[in-house]
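Colleague: Sequence and predicted model, in that order:
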Amino acid sequence: MSVQLNHTIVHSRNNREAAAFLADVLGLEVGTEWGPFVPVETANGVTLDFATVPADSLAVQHYAFLVSEEEFDASFARIRAGGIPYFADPHMKRPGEINHNDGGRGVYFLDPSGHGMEIITRPYGYQEPAAG
């Protein structure tokens, strides 16, 4: 078996709120709470398990999600409809814009715990296949 990421724990101020926020933006389902975790599973089987932690132990992280063009349109529409501030860059110097890095589209936004979230339609370093 090749190595695959199975799950990661996402520390949050409120595990239910954070899981619901991400699931809503990405058009995913919130899974069944298991112990201290509220899971959100992505299409490739990776689960983000949201856990509530004290505010003083919350380290802000970055999570990037590769989505199709259609999924980007739907997620971006939900971001805009929800009044969620978004940016073209991770440093938040280009508010209200999307980027077109690597020939795709991308946008950054913050979740309720302050984590940097990103949706992109092309992986970093993507190059169009040569015409053949």
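Modeller: Arrived safely.
Colleague: for the closest residue to residue 57 other than its chain neighbours, which residues make a bridge with it?
Modeller: With sequence-adjacent residues excluded and distances taken as Cβ to Cβ, 6 or more residues apart in numbering, residue 57 is closest to residue 11, at 7.2 Å. Every residue, glycine included, has its C-beta placed from N, CA and C. Under DSSP bridges, the beta-bridge partners of residue 11 are residue 51.
Colleague: Do I have it right that residue 84 meets residue 24?
Modeller: No. Counting by Cβ atoms under 8 Å, residue 84 sits too far from residue 24 to count as a contact (10.0 Å).
Colleague: Quick check: the gap between the residue nearest to residue 57 and residue 39.
Modeller: Distance of residue 11 to residue 39, given as Cβ to Cβ, to the nearest Å: 14 Å.
Colleague: so where do the strands sit in this structure?
Modeller: 7-12, 37-41, 47-52, 62-66, 86-87, 106-110, 116-120 (DSSP state E).
Colleague: Make JSON lines out of those and add mean pLDDT.
Modeller: Shown next, in JSON lines, are the strands of the chain (pLDDT from 0 to 100):
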{"stretch": "strand 7-12", "mean pLDDT": "98"}
{"stretch": "strand 37-41", "mean pLDDT": "98"}
{"stretch": "strand 47-52", "mean pLDDT": "98"}
{"stretch": "strand 62-66", "mean pLDDT": "98"}
{"stretch": "strand 86-87", "mean pLDDT": "98"}
{"stretch": "strand 106-110", "mean pLDDT": "98"}
{"stretch": "strand 116-120", "mean pLDDT": "98"}
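Colleague: would JSON lines of these with mean neighbour count and distance to residue 73 be doable?
Modeller: Formatted as JSON lines, the strands of the chain follow (neighbours: other Cβ atoms under 10 Å; distance: least, Cβ to Cβ, whole Å):
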{"stretch": "strand 7-12", "mean neighbour count": "17", "distance to residue 73": "25"}
{"stretch": "strand 37-41", "mean neighbour count": "20", "distance to residue 73": "20"}
{"stretch": "strand 47-52", "mean neighbour count": "20", "distance to residue 73": "22"}
{"stretch": "strand 62-66", "mean neighbour count": "15", "distance to residue 73": "14"}
{"stretch": "strand 86-87", "mean neighbour count": "20", "distance to residue 73": "14"}
{"stretch": "strand 106-110", "mean neighbour count": "21", "distance to residue 73": "11"}
{"stretch": "strand 116-120", "mean neighbour count": "20", "distance to residue 73": "10"}
